[in-house]
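Trainee: let me see the structure of the following:
(2 chains)
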Amino acid sequence: MKYARLIWVNLTRNKRRTILTTLSVAAALFLFVALRSVNTTLNEARDVGSESRMVVRNAISVVFTVPEAYYSWLTTVPGVRRVTWGNWFHGIYQDPRDFFPSFAVDVDGYLDVYSNEMEIPEDQKEAWRRERTAALVGTGLMERFGWRLGQTINMTSMIYSPDQPWPFTIRGVYTPFPGWTDEAFYFHYDYLYEMVEQVQPGWYVLELEDPSLAATVASTIDEHYENSRYATRTETEHAFQSGMISMYGNVGLLMNAVGMAVFFAILLVAANAMMMAARERASEVAVLKTLGFSDRLLFGLVLVEAATITVIGGLLGVVGAKLLFEGTGFQGAGFLPGFEVKLSTAMYGMLIAVVLGLISGLVPAWQAARLPVAHTLRRVA
Amino acid sequence: MKIPLIYNIRSVRQRPVSTLTTALGMALVVLVFVAMMALSRGFRAAIVDTGSRDNVLAVRSGADNELTSGLSRETAQTITSMPFVARGADGRPLASPEVYVLVSLDRLDGGDALVVARGVSPRAFEVRKNVEIIRGRALNPGASEILVGESIVGRFAGTEIGETLEFANRDWTVVGHFAAGGSGFESEIWGENEQFMPAFRGEVFQSITFRMTDPSAFESVKTTLENDPRLPVSAYLEYEFYAEQSALLTQILNIAAVFIAGIMAIGAVFGAVNTMYAAVGARAPEIAVLLTLGFRPVSVLASFLFEALVIAFIGGVLGGLLALPLNGIMTSTTNWASMSEVAFAFRVTPDLLLRGVIFALLMGLVGGFFPARRAARQPIVQVARQV
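Mentor: Numbering: from 1, shown residues only, chains lettered A, B, ... in the order given. Next up, the predicted model:
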């Protein structure tokens, strides 16, 4: 620590360069944190589903439906505790680009099966249950559109007669437990059934008695319906979610590749700055050596100096990203619900900053340690 | 008087490490910018090129995609018999009423994805000029046969000629592969509409596409169709219909490209500023001599700006070269408008490379300005005394 002052003086001797380098590291770390948060958000969305719930859907694709008649047989499958169903509504409130998930669901079943995911006041639960046009809305969505409990809103559906307005009254607001989205919109399947001809469930959700039965239950069901007009595909909710997320394509790879490019670009900037600093100070280093500073100490001093720049820059970038994304409530225009900068991402970012500093200081530090004293001093004189 | 450019070029060569690290930093920015734009261009091209400007596509009134549309046989027949529908050599209308469904196929690299299965009329290959069978043969009417688009051959199981795919409880034999100029059709499976109709959704088409006799008359065709009380349809120019589907994702990718490259550029510009200040600082005596010789401050400013631009230009070209190998690499994503998978290639076009170089030059200009101004304003006497 007794060398802190020396390092500080060295850092402040060319303030402009130090500040510019710090800021470029800050920009890089900001970007890094943003990119990585996209990845963690998508991975988290992948992990939402439970392993003890299964989804039965049309084998051809999730856009096709499954018959209502399957319900009673599904309840008899061994290992299945409860069966409920839902349907994708693709509702739109005012602007189609302001996307949020909306479902027509079997109300009693959903309240039962998802009781550990959503917290709803008892009176609101009742109110939602009793009224056919009532909707249950997540806290995040309420906030996004500034809705109030009891408000009637008009939505349209991308799927069912796009011109027709669908009025809903918000009767319940749920608070999600960790891992569940706060932006979903649920309403009565019966309402959909009444308004649309020829509608049947989009999927069934099965609650299992024991997650270890998943494979057996899946094969029992899929074999049973294999040769019917509506063959099924049964998988755990987790696998189902994961499949939906992978439809984005390989976002992770793209983000990582860009992250690498960012890292190297800034490494070059930082390393260049350190080399310039070292070159200018060659004579000083020679003097220090004459005074008895060891090679190893000088090596260390340059490294610490470089790391100080990148760590300060890193802190600026990481904290800046955290504050900015949290302050603006960034959700990637609805494509990245639940977007947040995780603590692990921030820590990882800081680790990168340290590594960046050490690598960028390596060459100048080595040069300083190897500096021939007599030769350099002669040049100065 | 201007300072000869060779002075700067030699100066740049005097400091190879510093020049190269700065240029390489910019090159990486340009690489990311070009790569992301190439991704967005590729996707857009795949979707946009799907439609032709000579064709009209009609779907159920209000629908903006084929998935949620439905048209009865009567509707399709009424449209086909309209006077503005072009006729083929045999005098029959160039129109293809189509069944549009999604099927889930197994990817060869694991998992599955939704692929468009389009039931077309035998005229479809005449209606769509960009589609041609490149291997195998055409569909036989009445048979359980399909053609597979070139982009998905080799990505999904059972897509080679002679193999069979199972969907809708039937086995379909692959009899050929077709190309469609890199467009979205290449990510589809085509079969006969009369075969797909009973196998999937029953007596209903999802869309009808026809060639117009006079492509410039689209507005009147649209009005006629949409105002005809017998026809519950919305009509689109085929080109615009598909272009609209690519708008959102293209926009997101472009915004991401500008956002990411923009922030990276800030870092790289600061790097360039450092380098140029160091260059100016190290050459203070030289600059003083230049000024003493009678070169005007403006010339010195221009000279150092040029030097920054030389470094930036090297960076831009380098970035472009690094991006070139990406051209043609296939990737895929989901077309959210149709919920189906689209395969497409990165498109690194010459104009994109040019933009990359311009981007780099801009970085050089911004990064070089302040150091150059400093050089131009240098007090001569003091510096000269030091020398």
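Trainee: nearest residue to the residue nearest the centre of chain B in space, ignoring adjacent ones along the chain?
Mentor: Nearest to the mean C-alpha position of chain B, by Cα atoms, centre = their mean, lies residue B:41 at 1.6 Å. Nearest non-adjacent residue to residue B:41, counting by Cβ to Cβ, 6 or more residues apart in numbering or on different chains: residue B:347, 4.4 Å away. Any C-beta I mention is one placed from the backbone N, CA and C, and that applies to glycine too.
Trainee: so which strand or helix has that neighbour?
Mentor: Under DSSP states H and E, no helix or strand contains residue B:347.
Trainee: count of neighbours near the spatially closest residue to residue B:168 that is not a sequence neighbour?
Mentor: Leaving aside its chain neighbours, residue B:168 sits nearest to residue B:199 (4.0 Å; criterion: Cβ to Cβ, 6+ apart). Neighbour count of residue B:199, defined by other Cβ atoms under 10 Å in any protein chain shown: 18.
Trainee: check contacts around residue B:199.
Mentor: B:168-170 (Cβ atoms under 8 Å, 6 or more residues apart in numbering or on different chains).
Trainee: ok, so what distance separates it from residue B:33?
Mentor: 47 Å (Cβ to Cβ, to the nearest Å).
Trainee: ditto for residue B:7
Mentor: Taken as Cβ to Cβ, the span from residue B:7 to residue B:33 is 31 Å.
Trainee: just residue A:101 next, same as before
Mentor: Taken as Cβ to Cβ, the span from residue A:101 to residue B:33 is 33 Å.
Trainee: and those two? which has more neighbours close in?
Mentor: When residue A:101 and residue B:33 are compared for neighbours, residue B:33 comes out ahead with 25 against 17, by other Cβ under 10 Å.
Trainee: hmm, that one is touching residue B:254, no?
Mentor: No. Judged on Cβ atoms under 8 Å, residue B:33 makes no contact with residue B:254 at a distance of 10.8 Å.
Trainee: just give the number of residues close to residue B:134.
Mentor: The tally of other residues near residue B:134 (other Cβ under 10 Å) stands at 11.
Trainee: give me the low-pLDDT residue ranges for the stretch 101-250 of chain A?
Mentor: Low-confidence segments of the stretch 101-250 of chain A, defined by pLDDT under 70: A:161-162, A:247, A:249.
Trainee: which parts of it are helices?
Mentor: Assigned by DSSP state H, counting those that start in this stretch, the stretch 101-250 of chain A shows helices spanning A:107-113, A:122-130, A:139-145, A:189-195, A:214-224, A:237-245.
Trainee: got those helices as TSV, with distance to chain B columns?
Mentor: Listed next are those as TSV, based on distance: least, Cβ to the nearest Cβ, whole Å:
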stretch	distance to chain B
helix A:107-113	24
helix A:122-130	28
helix A:139-145	19
helix A:189-195	15
helix A:214-224	13
helix A:237-245	7
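Trainee: could you dump those to TSV with distance to residue A:302 and mean neighbour count?
Mentor: Conversion of the helices of the stretch 101-250 of chain A to TSV gives the following (distance: least, Cβ to Cβ, whole Å; neighbours: other Cβ atoms under 10 Å in any protein chain shown):
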stretch	distance to residue A:302	mean neighbour count
helix A:107-113	61	18
helix A:122-130	64	15
helix A:139-145	49	17
helix A:189-195	68	18
helix A:214-224	58	16
helix A:237-245	45	18
